[in-house]
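> predicted model and sequence below, questions to follow.
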Amino acid sequence: MTTYVGAVDQGTTSTRFMIFDHAGEEVARHQLEHEQILPKAGWVEHNPVEIWERTRSVIQTALGKAGLTAADLAAVGITNQRETTVVWDKNTGRPYYNAIVWQDTRTDKIASKLERDGHGDLIRERAGLPPATYFAGGKIQWILENVDGVRAAAEKGDALFGTTDSWLIWNLTGGTDGGSHVTDVTNASRTMLMDLETCEWDDELLALFDIPRAMLPEIRSSSDPEGYGKTDAHGPFRGEVPLTGILGDQQAATVGQVCFEPGEAKNTYGTGNFMLLNTGTELVRSKAGLLTTVCYRFGDDKPVYALEGSIAVTGSAVQWLRDQLGIISGASQSESLARQVEDNGGVYFVPAFSGLFAPYWRSDARGAIVGLSRYNTNAHVARATLEAICYQSKDVADAMEKDSGVKLEVLKVDGGVTANELCMQIQADVLGVEVSRPVLAETTCLGAAYAAGLAVGFWKDTDELRKNWNEGKRWSPQWDDDQRAEGYAGWQKAVERTLDWVDVD
C-alpha cells in the first residue's frame, strides 16, 4: 500500500531525501554534502554529476533506513536551489560545464549592460526581476559565450538547460533514454526569461540573452496530476514512482509552512535567507527592491504570486566563521560563542560576499566587519554574524510592508539556522514581532512532498495540510523601541561602508 510520499531537496550545500506519512511527519531521511567549487573570487560552482550521485545515494539510503521500496510511495516531489544553472548534452548526459550557482557573480557585466542599454525596465515588468547576477538567464548566456561548442549544440537542439530540478528529473526519468525535460513555474520565474502573466517563455526576453528556445525545459504546474514522468526502474528507486511535484526551495518552504492565504509570510534561514509573502492571484509589482515571483501553481488553478526578499549570505556566514576564519568548529558553536557577550560590543558584520541582494541590489558591495576596537573578541564577531542574519531580514520585512501595506504580526520561520535559539531571539528583538518555528523546521522538503501528494490525492486539499502544521517554539521581543532603533541605525551605517567597493562596468 502506498502510504508515504517522498521528496528530494537538492540544496546549495547538500542533498537530502525525506519520506513523510499522511500527518506530514518524518519517517526517514538521509543527507549528504557536496563540494563547493570556488575557482575565482566571486565564482561559485557545483559538479552536476556529483549532485546526481549524491541524489541517488540519499534516496537509496533513506528507503533502506525505513525498510521501504518504491511500491510504498504514492508520489515523489523535487525541490531545489533555484537559479543554479546546468547545461548538458542530451545525447551523452554529460554537463558541458559545472553548474553555475545562484551566488556566483561572474555575470555582473551581463547584468549591468542590460541595465545600461535600457532593458532593465522590460525585464522587471515582464519577469518581475531586476537584471542581476542572481538569476539564471545571464548564467546561460555566459556558458553559451564561454564554453566551446555549446552554442552550436544548443542551436542544433542537443544542449539542454535546466535548474537542478530539471537536471534531476531528466536523470530520474531515464536520462538519455527518454528523460523528461521539464521545470515548474516557480523555477522558471527565476530565470529572467518567463513572462509572469502567461507563465510561458518570452521570445523578447530570450532575444535579450541570445538564448535558443530549444534549450529550455517545458514549464509545468508545481503540482501536476499528469506528472512529469515516472522514476526509471533501474534508477535509485529501483521501481516506478510518479514524479508529481516541483517547487523551487523557497516556494516549497512557503507551501510547507501552509502560507496559502494572501498576507501570510515565512522566512527560511539556510545558506541565504528568503522571505516570501503570499499575494494571492494578484501580481504585485515591487517598488521597494523586492522580487515578484510565482509562489506556486497547483494543477490547472491560476498561479499564486508572492513578493520575495532574497538575501545571499546568512547561514553561509556562519559557515565562513567555521571554514575560513576557524573561530568555531561547527555551526552550533556560533550560538555558545555569541552567548559569551551581552551585545555586539559595537561590531557589525555585513556579509556582502556576493554583493547585496534585496532590497539593495548592489553587486558593487563587498563584506565588511566594522566598529572593531581592542575590546572586541571573537564572541563579538560571532554575535555580529547572528545579528547580520536578523538585520538583513528586517531590511526585507520593512520593504515588504512598504510594497504590500501588510505589517507582520508573526513571522513563521524554518530552515537550519532556526535551531540557533539565540539567533531567533535576536530576530524577534530586531523586528519587534513574535517569531514562530514549527515542530518540523525542515519545511522545504515537506512542501515538495505536499505538492506531489496533492497531485495524486494523497492529501485532499490545502485545508488538510493546514491541520498538519504545529508550532514548536515561539520567541517574543525583549528589546525596547530605543534599543531596536539604535541597533538598526548602526546596521544601516555598516551597510553604507560596504558600497562602491568593487568597480562594476
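Structure's in. What do you need? These figures come from a predicted structure and were not determined experimentally. Numbers count the residues shown, from 1 in each chain.

> can you check which helix is longest in the chain?
When the chain is parsed with DSSP state H, its longest helix is helix 378-404.

> what packs against that one?
Helix 378-404 is packed against strand 265-269, strand 273-280, strand 304-311, helix 315-320, helix 333-338, strand 348-350, helix 421-431, helix 481-498, with contacts defined by 3 or more CB pairs under 8 Å, 6 or more residues apart in numbering; DSSP states H and E. Just so you know, the C-beta spots here come from the backbone N, C-alpha and C atoms, and that holds for glycine as well.

> reformat the ones you listed as TSV; add mean pLDDT and mean neighbour count.
Shown next, in TSV, are the helices and strands packed on helix 378-404 (pLDDT from 0 to 100; neighbours: other CB atoms under 10 Å):
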stretch	mean pLDDT	mean neighbour count
strand 265-269	90	28
strand 273-280	91	25
strand 304-311	92	26
helix 315-320	92	22
helix 333-338	94	20
strand 348-350	97	25
helix 421-431	96	22
helix 481-498	96	15
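
> what are the pairing partners of the helix or strand harbouring R16, and which direction each?
Under the criterion DSSP states H and E, the helix or strand holding R16 is strand 14-20. Strand partners for strand 14-20, identified by DSSP bridges, are recorded as strand 4-10 (antiparallel), strand 26-33 (antiparallel).

> pick the most deeply packed of those.
Across the strands paired with strand 14-20, the average number of neighbours (mean count of other CB atoms under 10 Å) peaks for strand 4-10, which reaches a mean of 28.

> mind listing what's buried in stretch 6-22?
Of the residues in stretch 6-22, those buried by neighbour count under the rule 16 or more other CB atoms under 10 Å are 6-20.

> what's the first-to-last distance across that stretch?
With CA to CA, to the nearest Å as the measure, the first residue of stretch 6-22 is 11 Å from its last.

> please tell me how far that stretch is from the chain's geometric centre.
In terms of CA atoms, centre = their mean, to the nearest Å, the gap separating the centre of stretch 6-22 from the centre of its chain is 14 Å.

> now do the helices in the stretch 1-150 of the chain.
Taking DSSP state H, counting those that start in this stretch, the helices of the stretch 1-150 of the chain run over residues 48-66, 108-116, 120-127, 136-146, 150-156.

> what's the first one in contact with?
Contact with helix 48-66 is made by 4, 6, 8, 10, 14-19, 27-32, 34-35, 69-70, 86, 88, 94-95, 98-99, 164, 167-168, 171-172, 235-238, as judged by CB atoms under 8 Å, 6 or more residues apart in numbering.

> and if you look at the shortest one?
Counting by CB under 8 Å, 6+ apart, the neighbours of helix 150-156 from elsewhere in the structure are 87, 89, 96-97, 143-145, 159, 211-212, 214-215.

> the same query, at a cut-off of 6 Å, please.
Residues from elsewhere that reach helix 150-156, judged by CB atoms under 6 Å, 6 or more residues apart in numbering: 96, 143-144, 159, 212, 215.

> give the next helix or strand downstream of that helix.
Using DSSP H and E, the helix or strand that follows helix 150-156 in sequence is strand 159-162.

> packing partners for whichever helix or strand comes after that following strand?
With elements assigned by DSSP H and E, the helix or strand that comes after strand 159-162 is helix 164-172. Helix 164-172 makes packing contacts with helix 48-66, strand 73-80 when contacts are defined by 3 or more CB pairs under 6 Å, 6 or more residues apart in numbering; DSSP states H and E.

> quick one, the shortest one and strand 14-20 angle?
Read it as strand 73-80. An angle of 150 degrees separates the directions of strand 73-80 and strand 14-20 when computed by axes from the mean of the first three to the mean of the last three CA atoms, to 10 degrees.

> show me what strand 73-80 is packed against.
Taking 3+ CB pairs under 6 Å, 6+ apart as the contact definition, the neighbouring helices and strands of strand 73-80 are strand 4-10, helix 164-172, strand 243-248, helix 443-455.

> still on that earlier bit, and the two most separated of the contacts of helix 150-156?
Y96 and P212 (13.9 Å; CB to CB).

> between these two, who's got more neighbours?
Of the pair Y96 and P212, Y96 is the one with more neighbours under other CB atoms under 10 Å, namely 21 against 17.

> what's the spacing between the residue nearest to F20 when sequence neighbours are not counted and W170?
What sits nearest to F20 in space, not counting adjacent residues and going by CB to CB, 6 or more residues apart in numbering, is A449, at 4.8 Å. When distance is defined by CB to CB, to the nearest Å, A449 is 21 Å away from W170.

> next one: D232
When CB to CB is the yardstick, D232 and W170 sit 11 Å from each other.

> looking at the strand holding R16 now, give me its mean pLDDT.
Model confidence over strand 14-20 averages 96 on the pLDDT scale.

> how about stretch 44-60?
Mean predicted lDDT for stretch 44-60 stands at 97.

> ok, now which ones touch V435?
Remark: with contacts taken as CB under 6 Å, 6+ apart, V435 is in contact with 411, 413, 424, 427-428, 475.
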